[in-house]
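[1] Model the following, please.
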Amino acid sequence: MLRDKRWLALGLAFVLLFTIGVQTAGASADAQVRPKGAANGERPKSGVLTGNKAGLSKAKKKLGSDLLALLDENGSSKDTLKAVLAGEMQEQGRLSQGKITDDRGLMQTKAYVYIQLEPGADPGAVQGAVSKVVSRDEEHGLIAAWVKLSALEALAANAGVKTVQTVLPPVVNAGSVTSEGDSVLKAELARLHAKTDGTGVKVGVISDGVDNLASAVVSKDLPTDVTVLSNAQGGDEGTAMLEIVHDLAPGAKLYFHDCGSNVIEFNQAIDDLVAAGCTVVCDDISWITQPFFEDGAVAAHVQELVEEDRVVYVTSAGNAAMRHYQGRFHDDGIGFHDFSGGTSAYMDLYVRIPAGGRVIVVLGWNEPFGASGNNYDLYLTSLDYGTTYAWSGGVQSGSGDPLEAFSYTNPGPSAITAAILVQACDAPSTRTLEVYIYGFGGAYNYTDNTVAADSVMGQAAVPGVLACGAVDADTPDEIEGFSSRGPVTMLNGTRPKPDVCATDGVSVTGAGGFSNPFYGTSASAPHVAAVAALVQSKRPALTASQVRECIVDSAADLGASGFDTVYGNGLVDALAATGTFYTVRFDSRGGSAVKNLSALEGTKIRAPKSPTRSGYIFGGWYKNAQCTSPWNFDRDRVASNITLYAKWLVRYTVSAAPNSAAYGTVSGAGPYAAGSKATLRAKPKAGYRFVCWREGSSKVSSSAAYTFTVTKNRTFKAEFARIGRPAAKAASASYNGVRVSWGAVKGASGYEVCRTSPTGSVYSRVTTTSTGYTRTGLSTGSTYYYKVRAFCIAGGTKTYGRYSSLVKAKPVPARPVAKAASVSYNGIRISWNAVKGASGYEVCRTSKSGATVYARARTA
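    Numbers count the residues shown, from 1 in each chain. Prediction:
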């Protein structure tokens, strides 16, 4: 029933998208709970939402979902969904302007696309299929170009083309005046006491635009000599960011460049600012269709810049904490992801979209871009799953990108509440999924199943970049709810983020109608950039990484002690960052050389790489040559020029091995400092037990964990032995009981007794330290089977030996003790003791030997 609706909804899906700003204080988006009616509908049946991706040509599998929808031969340009998609793409700059009256006209329309080339492919080979090349990034094999829809399939058929996806520009991370951050971050005090105002430093800002820069100049909130390298995108968030930098660092020379219309132009904007002499560069841009779990073109470019150590790069951490999800795929039983992880009936993510409002949702998972072979699809449906509003279902067959996304604009007339679903297609391997939700025109997401952690991505995740979280200027000890949190999960590990936090909710002129107060990490980032300018102005000889360390190391700790993934290293403190520097000298005392470092007064220093010395083990850094007072890198702070001394300890080697690698394993061997404690641990393999540690032929310990003080080179052997097999037997213990017994097994810590089927399948288990076990409550006359095995516990590890042979027994009543007596000339009375559990008795008259029964009688 839903299949056709899902395929029609494909017309509303697209794969590349842009970020949006955070809503200002008091906005409702971050305070919503689950929608009414959620989880009341029946879950979709597996497969009903998946389109016929297998039927696509090889070339079409390279195209984004929105491009596929426009090329759909089963629909016409007059179809509502196709027309809505074309109109939306024109509005967003993904499709050339002009009225579209029919399919022929649509095919002549041009799409603005990224063309990702295969490694080593010739960029010139696609030239004939494109109408206009906008930008090239030959290093990453990426081209941004305008291409006629009629030429898309031919373009994708080129063997050198990997993918073709539409381009979307980003939106920034926002939410007679002076920024309140000037006093909160102590920049005013830094200018007064450290005598630094940014003079001699060029600060470059990248954002949307500076359309009304002139009005901020007239009001004297900006100087007259701001250099604008490019302002092609439009807007005034750049004006607001420049005002903040100027408030805190009024002596700095200001530069601006817009963010460009694609990632290639964004990277060029960075390069243009650096070429103009900017030594501090700040942006508030999130290209969220860049990879989530690895560095994309933007992050890689920024990483190269940071590694050159000439530019301090500052960026917003992002505003995604309350509109983000990350977690392993959790199958709801029919192939859809349960965002609650099985803990709630509310299994989806939910959004509210007023008439005319728009929501953008992007899904990624932990596979390399260009090499994804696991297929997940993304949907927006009604709460009862009866209507599909949007769908994204690209093809990941080993060379695709692990990314799906859609945009949906509610045509009205009423607001809708919708569910976001993820479906596993083609039995993919379980992956970690990540979802970002962005609302426009009053659209917002509910907080059910959202995950704040790990919501930093893109260039903000690059080591060495100052990724800035946000605290409200009125309550600077509390993180903003929307401020993105760390850590950053990558394909090859995690990265600690954010780095620091700074103020938002600050005053700007509001030039061009821009929001005042200015909220979001877009506002916090330029505060940090200004502090970097103050530090550079005060200490021009410092490298970019040293400036960064000044800001990070001097930050006022907030939240959990030390670095945490909410506040990073804490709130930026301009006064502390611009303080006095001292030299820390490292005397390795015969070891390898360690470079001296400069440290800000009152800050902690990071431990350098440990020196090495033949025949010795490094024992730490000490404040005195006698090595009696250690330097604590987590607590001690630099107050003057100091020398730290290396402590060296004589090195001894402790060797250890099992008596056979088949019997067990050992750990704890290695180099040790004289006088230190060593602990050897023995772990037996299945079927074996630990006996003792031996040094030569001498037994030194029967404990699997052997601790001793190292005073010389020593060699040990762990002795293991096979766990013996019990010899078991079973017999009736009573009318309803069976007793199993066995001989003791040497070295056993206990025994496991198993009741089994006649073939040995285990029904129940009990453990005991004795050599017998009686089970009651059984049925008289029924046969019961048992097997027994010994176990040994060493070092907290339990290992089992082999099972005994299967034994069996039946519960039978006890044997009565009978006696006979004459009661008359012709009568005999037989009597006996009562037998517990007996239902009656059988009395037999027999021959003298008992072998022959002459008569039987039964009695109760």
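[2] Every contact and neighbour count from this point should use C-alpha atoms.
    Fine.
[3] which residues in the stretch 551-700 of the chain form strands?
    Counting by DSSP state E, counting those that start in this stretch, the stretch 551-700 of the chain has these strands, from start to end: 581-587, 597-600, 616-622, 642-658, 664-667, 670-673, 677-684, 688-695, 698-701.
[4] Okay, domains of this structure per the record?
    3-22+32-168+323-445, 181-318+455-576, 579-648, 651-718, 728-809, 818-859 (automatic domain parsing).
[5] Residue 411 touches residue 356, doesn't it?
    Yes - using C-alpha atoms under 8 Å, residue 411 makes contact with residue 356 at a distance of 5.7 Å.
[6] Among the two, which residue is more densely surrounded?
    Comparing residue 411 with residue 356 by other C-alpha atoms under 10 Å, the one with more neighbours is residue 356, at 17 against 14.
[7] and the closest residue to the more buried one other than its chain neighbours, how far is that from residue 630?
    Nearest non-adjacent residue to residue 356, counting by C-alpha to C-alpha, 6 or more residues apart in numbering: residue 410, 5.2 Å away. As judged by C-alpha to C-alpha, to the nearest Å, residue 410 and residue 630 stand 65 Å apart.
[8] wait, what's in contact with residue 665?
    Counting by C-alpha atoms under 8 Å, 6 or more residues apart in numbering, residue 665 makes contact with 657, 658, 682, 683, 684, 685.
[9] Between these, which sits nearest residue 152?
    Distance to residue 152, by C-alpha to C-alpha, is smallest for residue 685 among those, at 61.4 Å.
[10] Count the neighbours of the closest one for me.
    Around residue 685 there are 19 other residues, counting by other C-alpha under 10 Å.
[11] What are the boundaries of the helices in this structure?
    In the chain, the helices defined using DSSP state H lie at 3-9, 65-70, 80-91, 103-107, 152-157, 181-184, 187-193, 213-218, 237-248, 263-275, 297-307, 521-538, 544-553, 574-577.
[12] Comparing those, which stretch has the densest surroundings?
    Neighbour counts (mean count of other C-alpha atoms under 10 Å) averaged over each of those peak at helix 521-538, with a mean of 31.
[13] tell me the angle that one makes with helix 544-553.
    Inter-element angle recorded for helix 521-538 and helix 544-553: 120 degrees (by axes from the mean of the first three to the mean of the last three C-alpha atoms, to 10 degrees).
[14] how far out from the middle of the chain is helix 521-538?
    Centroid displacement of helix 521-538 relative to its chain, using C-alpha atoms, centre = their mean, to the nearest Å, is 29 Å.
[15] Stretch 462-478 now?
    Once both centres are worked out by C-alpha atoms, centre = their mean, stretch 462-478 turns out to sit 21 Å from its chain's centre.
[16] buried set for that stretch?
    By 16 or more other C-alpha atoms under 10 Å, the buried positions in stretch 462-478 come out as 462-473, 476-477.
[17] ok so, going back, out of the helices of the chain, which gets nearest to residue 757?
    Across the helices of the chain, closest to residue 757 is helix 3-9 (C-alpha to C-alpha), at 50.4 Å.
[18] What ranges does the stretch 1-150 of the chain have for its strands?
    In the stretch 1-150 of the chain, the strands defined using DSSP E, counting those that start in this stretch lie at 110-117, 132-137, 142-148.
[19] The first one packs against which elements?
    So that's strand 110-117. On a contact count with 3 or more C-alpha pairs under 8 Å, 6 or more residues apart in numbering; DSSP states H and E, strand 110-117 meets strand 142-148, strand 161-166.
[20] what about the strands in the stretch 701-850 of the chain?
    Counting by DSSP E, counting those that start in this stretch, the segments of the stretch 701-850 of the chain that form strands are 705-709, 714-722, 728-734, 737-742, 750-756, 762-768, 772-775, 784-794, 797-800, 807-809, 818-824, 827-832, 841-846.
[21] ranking those by mean pLDDT, which is last?
    Least confidently modelled of those is strand 818-824, at a mean of 83 by mean pLDDT.
[22] How about the backbone phi and psi for the closest residue to residue 580 other than its chain neighbours?
    Spatial nearest neighbour of residue 580, chain neighbours left out: residue 601 (5.3 Å); criterion: C-alpha to C-alpha, 6+ apart. Here is the backbone geometry of residue 601 (degrees, to the nearest 10): phi -60, psi 130.
[23] quick one: low-confidence parts of the chain?
    Along the chain, segments meeting pLDDT under 70 span 1-54, 73-81, 169, 171-172, 174-180.
[24] one step back: could I get the strands of the stretch 701-850 of the chain as a markdown table with mean neighbour count and distance to residue 550?
    Shown next, in a markdown table, are the strands of the stretch 701-850 of the chain (neighbours: other C-alpha atoms under 10 Å; distance: least, C-alpha to C-alpha, whole Å):
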| stretch | mean neighbour count | distance to residue 550 |
| --- | --- | --- |
| strand 705-709 | 15 | 43 |
| strand 714-722 | 20 | 47 |
| strand 728-734 | 21 | 74 |
| strand 737-742 | 21 | 73 |
| strand 750-756 | 21 | 61 |
| strand 762-768 | 13 | 62 |
| strand 772-775 | 16 | 71 |
| strand 784-794 | 24 | 51 |
| strand 797-800 | 18 | 49 |
| strand 807-809 | 20 | 76 |
| strand 818-824 | 10 | 100 |
| strand 827-832 | 11 | 99 |
| strand 841-846 | 12 | 97 |
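[25] do you know which of the ones you listed lies nearest residue 402?
    Here strand 797-800 is closest among the strands of the stretch 701-850 of the chain (C-alpha to C-alpha), at 41.9 Å.
[26] helices or strands next to that closest one in the packing?
    Looks like strand 797-800 contacts strand 688-695, strand 784-794 (3+ C-alpha pairs under 8 Å, 6+ apart).
[27] contacting residues for residue 705?
    679, 680, 681, 682, 795.
[28] Spatially nearest residue to it, not counting backbone neighbours?
    The spatially closest residue to residue 705, leaving aside those adjacent along the chain, is residue 681, at 4.5 Å (C-alpha to C-alpha, 6+ apart).
[29] Residue 391 too?
    Spatial nearest neighbour of residue 391, excluding adjacent residues (C-alpha to C-alpha, 6+ apart): residue 379 at 4.5 Å.
[30] Ok, residue 409 next?
    Distances taken as C-alpha to C-alpha, 6+ apart put residue 358 closest to residue 409, at 4.2 Å, once the chain neighbours are dropped.
[31] count of residues packed around the one you found?
    Close neighbours of residue 358, defined as other C-alpha under 10 Å, add up to 20.
[32] Contact partners for it?
    Going by C-alpha under 8 Å, 6+ apart, residue 358 touches 407, 408, 409, 410, 439, 440, 441, 443.
[33] ok, now residue 532?
    Contacts of residue 532 by C-alpha under 8 Å, 6+ apart are 280, 312, 547, 548, 551.
[34] Quick check: the farthest pair among those?
    So, those by C-alpha to C-alpha: farthest apart are 280 and 551, at 13.1 Å.
[35] Isn't residue 58 up against residue 157?
    Yes - using C-alpha under 8 Å, residue 58 makes contact with residue 157 at a distance of 7.4 Å.
[36] Which residue, other than its chain neighbours, is closest to the residue most central in space within the chain?
    Geometric centre of the chain, nearest residue: residue 489, 4.0 Å, by C-alpha atoms, centre = their mean. Among residues not flanking residue 489 along the chain, residue 293 sits closest, at 6.2 Å (C-alpha to C-alpha, 6+ apart).
[37] number of nearby residues for that neighbour?
    When neighbours are counted by other C-alpha under 10 Å, residue 293 comes out with 25.
[38] what does residue 852 give?
    11.
[39] And it, how close does it get to residue 845?
    Per C-alpha to C-alpha, residue 852 is found 8 Å from residue 845.
[40] same thing with residue 382?
    Taking C-alpha to C-alpha as the measure, residue 382 falls 87 Å from residue 845.
[41] quick revisit: for the helices of the chain, which one sits closest to residue 173?
    Nearest of these (C-alpha to C-alpha): helix 521-538, 5.1 Å.
[42] so the closest one versus helix 237-248, what angle?
    In terms of direction (the same axes, to 10 degrees), helix 521-538 departs from helix 237-248 by 40 degrees.
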